[in-house]
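> take a look and give me a structure for this.
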Amino acid sequence: MSEGLSPKLVALGQSGYPMRVATSLWAVDCADKWRLHPYCLNDLEDVNEIDESTILNFSSTLIKAQLLDDAVGVILHNSSIIVNAAPSAAYIEGSQISPLPPLSSTILRQGKVTGEKLIVLQLGETGVDESGIAALGWANFYGDSPDAPVLLKSAQDELGYVEFDSNLIPGQLGDSRGSTTFGVRANLWFSPKGTDCGIHNEHDFIEVHTQIHGYGRMQKFMENEAKTVYEDQLLSPGNTNPTPFCREAEGAFQYPWHQYRADTDCVWLAIEYHRN
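Numbers count the residues shown, from 1 in each chain. From the prediction side, this is the model:
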């Protein structure tokens, strides 16, 4: 395994036999009965007492954000959005144990989580609005132009590395380079109600988006014109768009014309996977 990659997670079944958490994208390797070794995290207020490095650089009093690497049986007591940023299945333990597929998310109010690379986000008590976000120092992606949309971007953090074959992402054309190491980066975005954030079709990375606050949508277009929209993927808090929009061809990631649209004041998480 490449340097910096997380080791495979292991949970022990009641019979004592190890069960490996699946390492293939969208693959799930289940056992009928198994338990998680507990590692307790009471709430995000206490994170600094455990490991200060898990706090992401865009965490704030409005939206607390942390990274859990190789988490096994982490106990959460506060309502949190859990994002599985790894190419392997994560697991949630409540009244039953269930998988959280790669590049997907959920809202967890209590219970335990196990996963290779998990992002945990929790809204603070203060209302999230444009003035509050601007006070955090987020920069407007389009600068100071009065005609440009309001699209505020937090600092971006580096979350380490994962390894997978992009051809295993649904909808691919079978033109990948095989298993590749990707650097994972993440940041938050904000736009006010009614904002069309800008139609575009170029990225040199794989990306997915998770809704944190408010209601928005990812849109696809036939051309670089709003009237050519042909698909809306609605996003509410805790949702991630179903699969990345890109297809790999000739060593590059090809995207359709697409944009994010904020139906209400919105905060969303962008996760990027860059070839190492």
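> for the rest of this, base every contact and every neighbour count on C-alpha atoms.
Noted.
> what stretches of this structure score poorly on pLDDT?
By pLDDT under 70, the low-scoring segments of the chain are 1-53, 173-176.
> any idea how far Leu136 is from Trp189?
Using C-alpha to C-alpha, to the nearest Å, Leu136 is found at 12 Å from Trp189.
> so which of these two has more stuff around it?
Trp189 (22 against 14; other C-alpha atoms under 10 Å).
> isn't there a helix covering that one?
No - when DSSP: H, G, I helix; E, B strand; the rest coil is applied, Trp189 is found to be strand, with no helix at that position.
> so in terms of bridging, what pairs with it?
For Trp189, the beta-bridge partners under DSSP bridges are Lys153, Trp268.
> for it, give its distance to Val150.
10 Å.
> what's the answer for Gln254, then?
26 Å.
> for the two, indicate the residue with more neighbours.
Taking neighbours as other C-alpha under 10 Å, Gln254 and Val150 compare with Val150 leading, 22 against 18.
> for the more buried one, give me its contacts.
By C-alpha atoms under 8 Å, 6 or more residues apart in numbering, the contact list for Val150 reads Asn140, Phe141, Tyr142, Ser191, Pro192, Thr195, Cys197.
> where along the stretch 101-250 of the chain do the strands fall?
Ranges of strands in the stretch 101-250 of the chain, per DSSP state E, counting those that start in this stretch, are 104-108, 111-123, 139-140, 152-153, 157-165, 179-191, 195-196, 206-213, 216-221, 229-235, 247-249.
> give the buried residues for the last one.
Residues of strand 247-249 classed as buried under the neighbour-count rule (16 or more other C-alpha atoms under 10 Å) are Arg247, Glu248.
> which is the next helix or strand following that strand?
Per DSSP states H and E, the first helix or strand lying C-terminal to strand 247-249 is strand 252-254.
> pull up the pairing partners for that next one, direction included.
In the sheet, strand 252-254 lines up with strand 247-249 (antiparallel) (DSSP bridges).
> gap between the strand it pairs with and the chain center?
Relative to the chain's own centre, strand 247-249 is displaced by 21 Å; criterion: C-alpha atoms, centre = their mean, to the nearest Å.
> do stretch 199-219 as well
The answer for stretch 199-219 is 11 Å, by C-alpha atoms, centre = their mean.
> residues contacting the closest residue to Ala270 other than its chain neighbours?
Nearest residue to Ala270, sequence neighbours excluded (C-alpha to C-alpha, 6 or more residues apart in numbering): His209, at 4.7 Å. Counting by C-alpha under 8 Å, 6+ apart, His209 touches Thr240, Asn241, Trp268, Leu269, Ala270, Ile271.
> surely the fourth one touches Glu207?
No - contact status for Leu269 versus Glu207: not in contact, 10.2 Å apart, counting by C-alpha atoms under 8 Å.
> burial measure for Gly251, as a count.
9.
> same question, Ser95
7.
> ok now stretch 112-120, how far from the chain's centre?
So, by C-alpha atoms, centre = their mean, the centroid of stretch 112-120 is 11 Å from its chain's centroid.
> that one: which residues count as buried?
For stretch 112-120, by 16+ other C-alpha under 10 Å, it's Lys112, Val113, Thr114, Gly115, Glu116, Lys117, Leu118, Ile119, Val120.
> closest to Lys220 among those residues?
Ile119 (26.4 Å; C-alpha to C-alpha).
> in this protein, which spans are helices?
Taking DSSP state H, the helices of the chain run over residues 47-50, 130-134.
> domains for the chain, by residue range?
Following automatic domain parsing, one finds the domains of the chain at 10-123, 130-275.
> re earlier: do you know how far the residue nearest to Ala270 is from Pro146?
His209 is 27 Å from Pro146, by C-alpha to C-alpha.
> likewise for Asn239?
With C-alpha to C-alpha as the criterion, Asn239 and Pro146 are 31 Å apart.
> who has more neighbours, the two?
Using other C-alpha under 10 Å, the more surrounded residue of Asn239 and Pro146 is Asn239, with 21 against 8.
> got phi/psi on the more buried one?
phi -90, psi 140 (degrees, to the nearest 10).
> that one contacts Leu103, correct?
No - the pair Asn239 / Leu103 is not scored as a contact, 10.6 Å apart, by C-alpha under 8 Å.
> now Ala155. Nearest residue, chain neighbours left out?
Per C-alpha to C-alpha, 6+ apart, closest to Ala155 is Phe58, 5.5 Å.
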